[in-house]
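Q: after the sequence you'll find the predicted model.
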Amino acid sequence: MRRQRHPRGMTLVEVMVGMGLVAVAMLALVSANTLAARASSRSYRHHMAMRLAQQRVDVLAVGEQKLKLRPVASGATFVPDGTAVDCQEAFGAAASTAALAELCSGATPDVMGWVDIYGRPCRRTGKPEEGFHATCQYRRYVRFEQVPSGSNQGDLWRVFVAVSHAPNGQCSNFREGDSQCVVTSAVLTR
């Protein structure tokens, strides 16, 4: 009589090695997914910063702000953006209007320039009833520079708008290519 051989199953060592390979592959996929999510978030914040910068340049180029250009002496550096146009926007109640005026008054420079995704001034920190928005993640800066002109057509000014999408609202160098800041400019005639 011949003895029948039963098919052999997997040993415990083979199962453990297989599980280890699956675990390593899963960790690699989770890490790749996390990196992709971070890159997507960074790209979205950069896109929003570009949109907010262009929005401010457009307002300055066609609006009444051209008449309120800062003097040459203060045009050498970027300053947090807080304009009268922003502060005149009313969100409903008189308390909201007062909060907006405070955001642009210069009395608290640490809150000046912060805007939400729509370009409305907002507080970076605070409670919702104090004007805080969950989307208050961008800080705008402006700089005006008089451009020498050989003609008598009026003053030429270059306005620079920088929008930081860094968590602390700072720009490292206010130049194109800054990883935390978008800078755009336009030439205005007053």
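A: Received the coordinates, thanks.
Q: need the longest helix for the chain.
A: In the chain, taking DSSP state H as the definition, the longest helix is helix 12-62.
Q: which strands or helices does it pack on?
A: Here helix 12-62 touches strand 138-147, strand 156-164, strand 181-189, going by 3 or more C-beta pairs under 8 Å, 6 or more residues apart in numbering; DSSP states H and E. C-beta here means a position set from N, CA and C on the backbone, and glycine is covered the same way.
Q: let's see the first one as CSV, backbone CA atoms only.
A: I take that to be strand 138-147. Coordinates of each C-alpha in strand 138-147 appear next as CSV, following Å, rounded to 0.1, in the frame of the first residue of the first chain:
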residue,chain,number,x,y,z
TYR,A,138,-3.4,84.8,4.3
ARG,A,139,-1.6,88.1,5.0
ARG,A,140,-1.3,90.8,2.4
TYR,A,141,1.5,93.3,2.2
VAL,A,142,1.8,96.3,-0.1
ARG,A,143,4.7,98.6,-1.2
PHE,A,144,4.5,101.7,-3.4
GLU,A,145,7.5,102.8,-5.4
GLN,A,146,7.6,105.9,-7.5
VAL,A,147,9.0,105.2,-11.0
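Q: list the buried residues in that strand.
A: Neighbour counts over strand 138-147 (16 or more other C-beta atoms under 10 Å) mark Y138, R139, R140, Y141, V142, R143, F144, E145 as buried.
Q: next, the angle strand 181-189 makes with it.
A: 40 degrees (axes from the mean of the first three to the mean of the last three C-alpha atoms, to 10 degrees).
Q: pull up the pairing partners for strand 138-147, direction included.
A: strand 79-80 (antiparallel), strand 114-115 (antiparallel), strand 156-164 (antiparallel) (DSSP bridges).
Q: what's the closest of the helices and strands packed on helix 12-62 to Q54?
A: Closest to Q54 of these, according to C-beta to C-beta: strand 181-189, at 6.0 Å.
Q: would you mind getting the angle between that closest one and helix 12-62?
A: Using the same axes, to 10 degrees: strand 181-189 against helix 12-62 is 10 degrees.
Q: now for strand 181-189, which elements pack on it?
A: helix 12-62, strand 156-164.
Q: closest to A53 among the buried residues of strand 138-147?
A: Out of those, the member with the shortest distance to A53 (by C-beta to C-beta) is R140, at 7.3 Å.
Q: bridging residues for the closest one?
A: Under the criterion used (DSSP bridges), R140 bridges to V163.
Q: hang on, it packs against H165?
A: No: in this structure R140 lies outside contact range of H165 using C-beta atoms under 8 Å: 10.8 Å.
Q: kind regards, and thank you for your time.
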